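Engineer: pasted the sequence and its predicted model underneath.
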Amino acid sequence: MTTKASASAGANPASNGAASADWSSFSPARMWRDWIVKSEAQWSETVSQLLKDERTGEALNRQISELQLMHRQFSEFAQASLAAANMPSRSDLEALDERMGRLEDGLAQVAAALTQLSQAVAALPLATGATGATGAGAVARKPSRTRRPASKA
Amino acid sequence: MSDTTPRGAAARSAVLSSLPNPVQRTLERMGLPAADFAHLTGALGATPKDTLYAQGTLKLHHFRPQCESVYRTPVLIVTSLVNQPYILDLVPGQSMVEYLLKQGFDVYMIEWGRPRQEHRHLTLEDHVLDRLPRCVEQVLQHSGERQLSIIGYCIGGLLSVLWAALEAGKRSGKTKGSAPQDSPLKNLVCMATPVNSEGLDSLRAWMGEDFDEEALLAEHGNVPAEWVQNALRALRPFGKVAGAMNLLNQADREEVVRSNLRMGKWETDNIPFPGGVFRQMVRDFLRGNRLMDGTWDIGGRRVDLSAIRAPFLHLLAQEDHITPYGSSRDLVKRVGSADRQELILKGGHVGLVAGRGAELRMWPALEAWLAPRSV
């Protein structure tokens, strides 16, 4: 049920780079970088172990709550200052972004409807009958659904 | 490297915005003009496609077939809610979608889109019982087939599993080990899909009982993309440093630099987590581990993984720090399919689906499994 698969050729671009040793492989800067790459997994694992501790999670959450409070207070202050200076605030820009998003979604719906329509028209006998193909590559002819896997030699 | 013609300058400035800000800043700190590197990423997610269906932020794309004949069963790719779908279609030659098209599959893809304030109430029910089934319906209608294969990546895999279980559960005439004939699901492929939160100990420790998700959602509505990004980074805190060192070691290899810039852009291009889904994921999935306990109700219906009878493949990465093996290994054991397989491949969460490793290992393995089951 479970299979471990691997391929040796070009498995890791990093190791391939290291294999093609040239003069730069022996530079101290490169050796330092290689050391960091090799040690990264261990460092990340150490920090991950720390994160798995519930006390770290609690401390992290306290920090996040405080940061959120600070963020809210600063946002309110900035918003009031920007409004006084007759400048758009972040929330104004976000509102604009929301509006743009709604417009983009509306356009996508129109585009989808047009795609469906043009494909339906192209499928009509009149559309393909005269020329045997659709105009200007607008809609490609549907391929047959008869493909079979190549038999292994 | 630098093209100084006006045309070259215009092209560079046009694509400069596609570079992630951190990359631009790093290059500038190094005294290198970011504009000279901007053209290296190329246009991402550019495989020709048509949008067949759109509702709210949701879009269903159909990629234009690249073979004269395709396999009978269409393939629907269900992407993650928090990442941009173009990781599966980076550029020509580095695209899982393009690979599948060239192998003769008829490929569709769900793009969930970027939720706005008005979407903060979207829940798993909306995704699993409404949005996903609508896309399935559209694919079947467009292809003219009665069944399809689903490929779900990460949270997209979880959504696919929930839909498949509920869909199978509502069909009568359960035959042990085989899919009911009237089921729209022919094959189910999951990639790096978490099902057991006991394997996600870092996230569980952080988002335990002390974590106030309601305060976060009251403040932001949806979980901001930066939060998602930082949470994922915290799972491998020094990964970014090691990546930068690796890049410097191979800075003379243009293709490696290109690939790195593409991945960098994708990694910093997260999507906000819809508030309602986040609440359910924290309470029911992460803290409650209800999928494993068999007590997870979606829309008042119990999710029973053993109800899934379609041929099933789970593709996993050996060094996945986002979906560790402990969180994903139970899926293949819990589904009820007689034809089921788990394949563990070298690489990480992203390397499983994109990059040189995916091209060498995962895509061919996926094709070898899916092709004979798609006729």
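Structural biologist: That came through fine.
Engineer: which helix or strand contains the spatially most central residue of chain A?
Structural biologist: Centroid check for chain A by CA atoms, centre = their mean gives A:Gly101 as the closest residue, at 18.1 Å. For A:Gly101, the host element (DSSP states H and E) is helix A:90-123.
Engineer: chain A contacts on the stretch 51-200 of chain B?
Structural biologist: Where the stretch 51-200 of chain B comes near chain A, counting by CB under 8 Å from any CB of the partner chain, the residues are B:51-57, B:59-60, B:64-65, B:67-72, B:104, B:106, B:113-114, B:116-118, B:142-145. Just so you know, the C-beta spots here come from the backbone N, C-alpha and C atoms, and that holds for glycine as well.
Engineer: so which strand or helix has whichever residue of chain A sits closest to chain B?
Structural biologist: At 3.6 Å from chain B, A:Glu40 is the closest residue in chain A, using CB to the nearest CB. Using DSSP H and E, A:Glu40 maps to helix A:28-52.
Engineer: one step back: give me every residue that touches the residue of chain A closest to chain B.
Structural biologist: Residues in contact with A:Glu40 (CB atoms under 8 Å, 6 or more residues apart in numbering or on different chains) are B:Phe238, B:Gly239, B:Val241, B:Ala242.
Engineer: I'd like these as a markdown table, with neighbour count, secondary structure and pLDDT appended.
Structural biologist: Shown next, in a markdown table, are these (neighbours: other CB atoms under 10 Å in any protein chain shown; DSSP: H, G, I helix; E, B strand; the rest coil; pLDDT from 0 to 100):
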| residue | neighbour count | secondary structure | pLDDT |
| --- | --- | --- | --- |
| B:Phe238 | 20 | coil | 82 |
| B:Gly239 | 18 | helix | 80 |
| B:Val241 | 16 | helix | 81 |
| B:Ala242 | 20 | helix | 82 |
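Engineer: please identify which pair of the residues you listed lies farthest apart.
Structural biologist: For the contacts of A:Glu40, the farthest-apart pair by CB to CB is B:Gly239 and B:Val241; their separation is 7.4 Å.
Engineer: state the distance from B:Lys59 to A:Leu107.
Structural biologist: 11 Å (CB to CB, to the nearest Å).
Engineer: those two: who's more crowded?
Structural biologist: Remark: of B:Lys59 and A:Leu107, B:Lys59 carries more neighbours, 23 against 12, as counted by other CB atoms under 10 Å in any protein chain shown.
Engineer: one step back: pLDDT wise, what is the residue of chain A closest to chain B at?
Structural biologist: Note for A:Glu40: predicted pLDDT of 82.
Engineer: what parts of the stretch 251-375 of chain B come near chain A?
Structural biologist: B:253, B:256, B:259, B:318, B:321, B:332-333, B:340-346, B:355-357, B:360-361, B:365, B:371-372, B:375.
Engineer: quick check on those: which are buried?
Structural biologist: Buried members of those, counted by 16 or more other CB atoms under 10 Å in any protein chain shown: B:253, B:256, B:259, B:321, B:332, B:340-346, B:355-357, B:360-361, B:365, B:371.
Engineer: who's B:Lys59 bridged to?
Structural biologist: B:Lys59 has these beta-bridge partners by DSSP bridges: B:Ala54, B:Glu111.
Engineer: correct me, but B:Gly199 touches B:Ile322?
Structural biologist: No. Taking contacts as CB atoms under 8 Å, B:Gly199 lies outside contact range of B:Ile322: 11.1 Å.
Engineer: now do the contacts for the closest residue to B:Glu125 other than its chain neighbours.
Structural biologist: In space, and not counting its chain neighbours, B:Glu125 is closest to B:Gly299: 4.4 Å by CB to CB, 6 or more residues apart in numbering or on different chains. With contact set as CB under 8 Å, 6+ apart, B:Gly299 has these partners: B:Glu125, B:Val128, B:Leu129, B:Leu166.
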